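Colleague: quick one: sequence plus predicted model below, questions after.
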Amino acid sequence: MPSRTIKKAPTVRLPPKSNFEILLTRGAQVSIIFIGIVVTVFALHAGEFILTPIGLGVVIGLMLGPLASRLERFKVPPALSAAIVVLLFIVSVCVFALLVSSPLSFWLQRLPQIWSQLATQLADLKGPLETFKSMRDQLRQVTGGEGVSVSVDEGMGVETMATLAPAVIAQILLFFASLYFFVATRDQTRIAILRVCFNRRLRWRVAHIFRDVERLVSQYLLSITVINVAEGVTVGIGLYLLGVPSAPLWGALAIITNFVPFIGPLVMVAILFAVGLTEFDTLATSLLPVILYLGVNTIEGQFVTPLVIGRTMTLNPFVVLLALAFWIWLWGAIGGFIAIPALLVGYAIIRNVLPGVNWGVDELDRQYER
């Protein structure tokens, strides 16, 4: 039988792509990525009512996850450890609310009196304000402007409150449900996602992303919480020594506002400046609460936080500012709290997907390895 020879098909070499074709290909890829980012952002913005409590529950769950893991080492079932952690969180929030409710209601009742006192204290600024007004009038004459009309909202009515209350209650329930189920099923969720990974290398990277996210966010939030409590106690004691009434209330507000970098301290400075104007006779002495707070905040930011967390853990201020602006625009005040944890989550993903990218948190890794 004659042998058959198999002829190989001739190799067809495609002509190399021109620079214009390569540019079109890269442009199409970038356009698809950009469209995906825009769609994701607007989806997050549209789903604010549901996603905000879920996101906050996940962030708090990442912070409290190590505590649940410690309980599970003593053979406590995950469902029970999650219930204990959530119960401890609720008790802590209730105790904090009870401590600040009395002085807060006192100051809310004094708001009309505070406003009148502020108007009296700010009378010294009448001269500069008159100068500014005359400059504004001259500018209007030059530009021919008609001025700006201002409408004043008369506040929330009973119908608005009745409509808003069920929505707030629903979000609170959704937050606690998200917190509980995230803590209770965090290991099951990790295993389920790892099983979906189709190869060993991808499974290894996803496992490291889970590890880094939980470690970075939990250690950062726990450390910042301890630092903020210490700062709030120091501010409260200092204000008490200065004779400022309701010093524990302002210390508690210092704890809360310090969770939002840049913006939180500015809000606290404005509050203490208003309190100082109402409680002290002169403008110089009214600045004492602000000076005290800025001094404590500066020591915390420049010395205490770098010592506890590590100097390289201090993220790029510009990146932090962009994250704050984005998340506050997206989800309001809760977004400001989520901004830094979301930044750390993004870092953990990028570090494992693109090795070699460094955002300045390697010091935390070295502390964890010790």
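Modeller: It's in. Residues are numbered from 1 along each chain as shown.

Colleague: now the strands: where do they sit in the stretch 1-150 of the chain?
Modeller: With DSSP state E, counting those that start in this stretch, there are no strands along the stretch 1-150 of the chain.

Colleague: just for it, where's the confidence low?
Modeller: 1-17, 110, 113-114, 116-150 (pLDDT under 70).

Colleague: go with 90
Modeller: Filtered on pLDDT under 90, the stretch 1-150 of the chain yields the residue ranges 1-31, 33, 36-37, 45-49, 62-67, 69, 73-75, 93, 95-150.

Colleague: go on, the stretch 151-300 of the chain?
Modeller: Scanning the stretch 151-300 of the chain for pLDDT under 90 picks out the ranges 151-170, 186-226, 242-250, 252, 257-264, 267, 270-287, 300.

Colleague: residue 259 contacts residue 224, doesn't it?
Modeller: Yes - when contacts are counted by CB atoms under 8 Å, residue 259 is listed as touching residue 224 (6.9 Å). Any C-beta I mention is one placed from the backbone N, CA and C, and that applies to glycine too.

Colleague: distance-wise, check residue 344 relative to residue 232.
Modeller: 23 Å (CB to CB, to the nearest Å).

Colleague: the two - which one has more neighbours?
Modeller: Neighbour tally, residue 344 and residue 232, criterion other CB atoms under 10 Å: the higher count belongs to residue 344, 26 against 21.

Colleague: list the contacts for that one?
Modeller: Neighbour list for residue 344: 213, 216, 217, 220, 361 [criterion: CB atoms under 8 Å, 6 or more residues apart in numbering].

Colleague: the fourth one contacts residue 340, doesn't it?
Modeller: Yes - at 7.1 Å, residue 220 counts as touching residue 340 under the criterion of CB under 8 Å.

Colleague: count of neighbours near the residue nearest to residue 242 when sequence neighbours are not counted?
Modeller: Distances taken as CB to CB, 6 or more residues apart in numbering place residue 288 nearest to residue 242, at 5.6 Å, with adjacent residues excluded. Per other CB under 10 Å, the neighbour tally for residue 288 reads 18.

Colleague: chain center to the longest helix seen in the chain, what's the gap?
Modeller: Looking across the chain with DSSP state H, the single longest helix is helix 200-242. Relative to the chain's own centre, helix 200-242 is displaced by 12 Å; criterion: CA atoms, centre = their mean, to the nearest Å.

Colleague: any idea which helix or strand comes after that helix?
Modeller: Remark: after helix 200-242, the chain's next helix or strand is helix 247-257, criterion DSSP states H and E.

Colleague: backbone phi and psi for the nearest residue to residue 107 once chain neighbours are set aside, please?
Modeller: The shortest distance from residue 107 to any non-neighbouring residue, by CB to CB, 6+ apart, is to residue 246 (6.4 Å). Note on residue 246: backbone dihedrals following degrees, to the nearest 10 are phi 60, psi 40.

Colleague: ok, now which ones touch residue 246?
Modeller: For residue 246, the contact set (CB under 8 Å, 6+ apart) comprises 103, 106, 107.

Colleague: quick one: which of those is nearest to residue 318?
Modeller: Closest approach to residue 318 among the contacts of residue 246 (CB to CB): residue 107, at 35.8 Å.

Colleague: quick one: that closest one and residue 279, what's the gap?
Modeller: Applying CB to CB to residue 107 and residue 279 gives a distance of 11 Å.

Colleague: over to residue 308?
Modeller: 33 Å.

Colleague: between those two, point out the one with more neighbours.
Modeller: residue 279 (18 against 15).

Colleague: what's the burial count for the residue nearest to the more buried one when sequence neighbours are not counted?
Modeller: Here the nearest residue to residue 279 in space, its sequence neighbours aside, is residue 244; by CB to CB, 6+ apart that works out to 6.0 Å. Using other CB under 10 Å, residue 244 has 21 other residues around it.

Colleague: quick one, phi psi at residue 244?
Modeller: The phi and psi values for residue 244, taken as degrees, to the nearest 10, are phi -80, psi 130.

Colleague: fine, thanks again, bye for now.
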